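In: Kindly generate the corresponding structure for this input.
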Amino acid sequence: MSKTQTPPSPAAAVLGSFAIHNRIHLYLLDALAPEIWSAAPPGGKGRSIAALISHIHSVRLMWLKAAGVKALPQPLDKESSVPSAKKALNESSAAMHDLLHPILEGSGKISGFKPDAWAFVAYLISHESHHRGQILLLARQLGHPVDKSTSYGLWEWGVR
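Out: Sure thing, here's the model as predicted:
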């Protein structure tokens, strides 16, 4: 940010961070080998990468529904394609933005979540990042780890 730019409001900064976080998901999906997308985890227990992304989207939908959002994005099947998953993540991210924007600019309270909307966004990012780590581990276990450039790129929030 240059010296003449006005810093974003705290609400805009938090919403911007969630948007970057979502783009990091998309960046990772673009880097994964297609053959591991629906592959079963070694040992047969746990979720596939496709199912992990479906879970992330489903948890967003669960919170949107709990908050009373009427027009929810479509659910994502555990066997959906990468393009479908990217579309679903973008839709649920946009719906979260629409839900959170007025709350973060106003009361800061999310119905059914304590302590507040700020912590709610931190919770979402933490939860989803945990699963992003599982995706990276699963890709490695399936013999297709992401390359170093992608691995470092997951942390380049300033360019995503």
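In: Now Ile110: phi and psi?
Out: The phi/psi pair for Ile110 (degrees, to the nearest 10) reads phi -110, psi 130.
In: Over to Gly158?
Out: Dihedral angles (degrees, to the nearest 10) for Gly158: phi -70, psi -10.
In: Next, count neighbours for Gly43.
Out: 7 (other Cβ atoms under 10 Å). (Each C-beta comes from the backbone N, C-alpha and C, glycine too.)
In: for Pro10, phi and psi?
Out: According to degrees, to the nearest 10, Pro10 has phi -60, psi -40.
In: Please name the residues that touch it.
Out: Residues in contact with Pro10 (Cβ atoms under 8 Å, 6 or more residues apart in numbering) are Leu104.
In: Next up, phi/psi of the residue lying closest to Glu128 once chain neighbours are set aside, please.
Out: Nearest non-adjacent residue to Glu128, counting by Cβ to Cβ, 6 or more residues apart in numbering: Ile56, 5.1 Å away. Torsion angles at Ile56 (phi, psi; degrees, to the nearest 10) stand at phi -60, psi -50.
In: residues contacting Ile56?
Out: So Ile56 contacts His25, Leu89, His127, Glu128, His131 (Cβ under 8 Å, 6+ apart).
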